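*Asks:* I'll drop the sequence and a predicted model, then ask my questions.
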Amino acid sequence: LALSQMFFFFCLQAGFTHGEDGIQSVPRGRLFGIINLNDTMNMYFFVLAVFIIGLLIIWRFINSPFGMILKSIRENEQRAISLGYSVSRYKLGAFVMSAALTGLAGGVKALVFQFATLTDVQWQMSGEVILMTLLGGIGTLTGPVFGAGLVVTLQNYLATSDFPVTIITGVVFMVCVLLFRRGLVGEFFASKIGRKLGFRTDS
């Protein structure tokens, strides 16, 4: 939280961020100098491609020896240490990968909306990502995707209503934590139907 607030106030004071006005009129330009991203359909397929590539990168990390070691650290950190693995280095690698994908997502968002505001660097944004993950299901690849879709849909739908968005989102979060401890997708994967379909929740 402290580092997040430090970065927030840095962005508030830095000249290139324009403070509370944010960075506006972000140019989309042309991808590889050929594809015009100002065209709505081109931008849509560009974002879709980045999304799929991001998922493939995460899938590859999970199913690599690096990912297996991360799983072992999650399950039993002391045993991983006893086997000779440098736990701190593997954790740092996971954080670096997470930060890289987060930065990529932030850059794409700035291109889509053509502006970046202080809202994107507030500590609440980190909490929102955690909320999406918990709603969808920790330990699943598709869970956070489903959770993000649910939260964004709620925000967009409630934005035009008189209901307070944060309260409704909080209630949904409480219900999921109390009734669906593995998240919505996690509970589905752990159900009889999910097991018959061959889904696993240990990723």
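*Replies:* Received, thanks. Numbering: from 1, shown residues only.
*Asks:* next, count neighbours for V87.
*Replies:* Taking other Cβ atoms under 10 Å as the criterion, the count of residues near V87 is 15. Where you see a C-beta, it was placed from the backbone N, CA and C, and this is true even at glycine.
*Asks:* check contacts around it.
*Replies:* The neighbourhood of V87, defined by Cβ atoms under 8 Å, 6 or more residues apart in numbering, consists of I73, E77, A80, I81.
*Asks:* so which of those residues are in strands?
*Replies:* In strands, defined here by DSSP state E, there are no members of the contacts of V87.
*Asks:* emit the ChimeraX select command for whichever of these are buried.
*Replies:* Buried residues among the contacts of V87 (16 or more other Cβ atoms under 10 Å), as a ChimeraX selection:
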select :73,80
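*Asks:* mind listing which of the contacts of V87 are in helices?
*Replies:* I73, E77, A80, I81 (DSSP state H).
*Asks:* for the second one, which residues are in contact?
*Replies:* In this structure, E77 makes contact with V87, judged by Cβ under 8 Å, 6+ apart.
*Asks:* V152 versus that one, what's the distance?
*Replies:* According to Cβ to Cβ, to the nearest Å, E77 and V152 sit 34 Å apart.
*Asks:* likewise for I23?
*Replies:* 22 Å.
*Asks:* pick out whichever of those two has more residues nearby.
*Replies:* I23 (15 against 12).
*Asks:* now do stretch 172-186, average pLDDT.
*Replies:* Taken as a whole, stretch 172-186 carries a mean pLDDT of 76.
*Asks:* before we move on, what about stretch 147-158?
*Replies:* 81.
*Asks:* what does it contact?
*Replies:* 128, 131-137, 164-165, 168-169, 172, 183-185.
*Asks:* residue with max distance from the center of the protein?
*Replies:* S82 (32.0 Å; Cα atoms, centre = their mean).
*Asks:* do you know how far that residue is from L37?
*Replies:* Taken as Cβ to Cβ, the span from S82 to L37 is 51 Å.
*Asks:* then F46?
*Replies:* Separation of F46 from L37 (Cβ to Cβ): 6 Å.
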